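# Got a predicted structure plus its sequence, pasted below:
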Amino acid sequence: MAVVTLNVNGQDVAVPAGASLLEATRAAAADVPTLCHLDGLSPVSSCRLCLVEVEGSTKLLPACSTAAAEGMVVHTHTPRLREYRRMTVELFFAEGNHVCAVCVANTHCELQDMAVTVGMDHSRFPYQYPQRSVDASHPQFTLDHNRCILCTRCVRVCDEIEGAHVWDIGSRGGHCHIVAGLDEPWGQVQACTSCGKCVEVCPTGALFRNTDTTAEKQPDASLPALLRSARDQHRWHNQ
């Protein structure tokens, strides 16, 4: 197997050709934060938390969707990157309605954990308090747009793993939001198989089971491995 060798935070690492910078940073034990990325799903670089500095590049590069190349010199936790990541998390909180105390994902929320990781205890940006809806039309699950960070994990897992493609992104800019079917109530979308994969991959309390109440939504620790296995089986059947 062909490999490429690069330097991450002063440490030389070798990864298979075609591996991403995120995989290379993990090989170097550099804890690069992510929210939109999930092993087993295609990368989209939407959260921008995994940006890294690569010597010779004038841009910050998303580690999840940038291929590792021979001789790269990568920095993952410079003061510039730390400040950028904190600012990004502050913006997530400012543009949504994240009230942790009454959220189903409280204490089990990846966005909440990320705030702790980047050292955010308040937002320097004015809160937008957008008027967003809650879709409780499905008999088993609920979608709360107030808590959605548009990571698109639900879109990708439904398309790439379940094969139903119930979810998509509607509108533009600050009006972007997750839509079910042809922008219809979730409970009316006949393509939905009620598998719950979208709920399981949601990093916040935006998607949850109707039986969950405050702090009761908990992630499935085995999910990334299951997603990788399902993806590999899908690829094998399509070869």
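Received, thanks.

# Off-centre distance for stretch 96-109?
Taking CA atoms, centre = their mean, to the nearest Å, one finds the center of stretch 96-109 at 16 Å from the center of the full chain.

# average model confidence for that stretch?
Stretch 96-109 shows a mean pLDDT of 96.

# and that stretch, which residues are buried?
Across stretch 96-109, burial judged by 16 or more other CB atoms under 10 Å covers 96-98, 100, 103-106, 108-109. Quick note: C-beta positions are derived from backbone N, CA and C, even for glycine.

# Of those, which belong to strands?
Using DSSP state E, no member of the buried residues of stretch 96-109 falls in strands.

# Widest-spaced pair of these?
For these, the farthest-apart pair by CB to CB is Asn97 and His108; their separation is 18.5 Å.

# Name the single longest helix found in this protein.
helix 79-95 (DSSP state H).

# Can you tell me what sits against that helix?
33, 47-49, 51-53, 60, 75, 98, 111, 114-115, 118-120, 122-128, 130, 149, 174 (CB atoms under 8 Å, 6 or more residues apart in numbering).

# Export it to PDB, keeping only CA atoms.
The C-alpha coordinates for helix 79-95 follow below in PDB (Å, rounded to 0.1, in the frame of the first residue of the first chain):
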ATOM      1  CA  PRO A  79      -3.200  30.700  18.700                       C
ATOM      2  CA  ARG A  80      -4.900  31.700  15.500                       C
ATOM      3  CA  LEU A  81      -6.700  28.400  15.200                       C
ATOM      4  CA  ARG A  82      -7.700  28.400  18.900                       C
ATOM      5  CA  GLU A  83      -9.200  31.800  18.600                       C
ATOM      6  CA  TYR A  84     -11.000  30.900  15.300                       C
ATOM      7  CA  ARG A  85     -12.500  27.800  16.800                       C
ATOM      8  CA  ARG A  86     -13.800  29.600  19.800                       C
ATOM      9  CA  MET A  87     -15.300  32.300  17.600                       C
ATOM     10  CA  THR A  88     -17.000  29.600  15.500                       C
ATOM     11  CA  VAL A  89     -18.600  28.000  18.500                       C
ATOM     12  CA  GLU A  90     -19.700  31.400  19.800                       C
ATOM     13  CA  LEU A  91     -21.400  32.000  16.500                       C
ATOM     14  CA  PHE A  92     -23.200  28.600  16.700                       C
ATOM     15  CA  PHE A  93     -24.800  29.700  20.000                       C
ATOM     16  CA  ALA A  94     -25.500  33.200  18.900                       C
ATOM     17  CA  GLU A  95     -27.400  32.300  15.700                       C
END
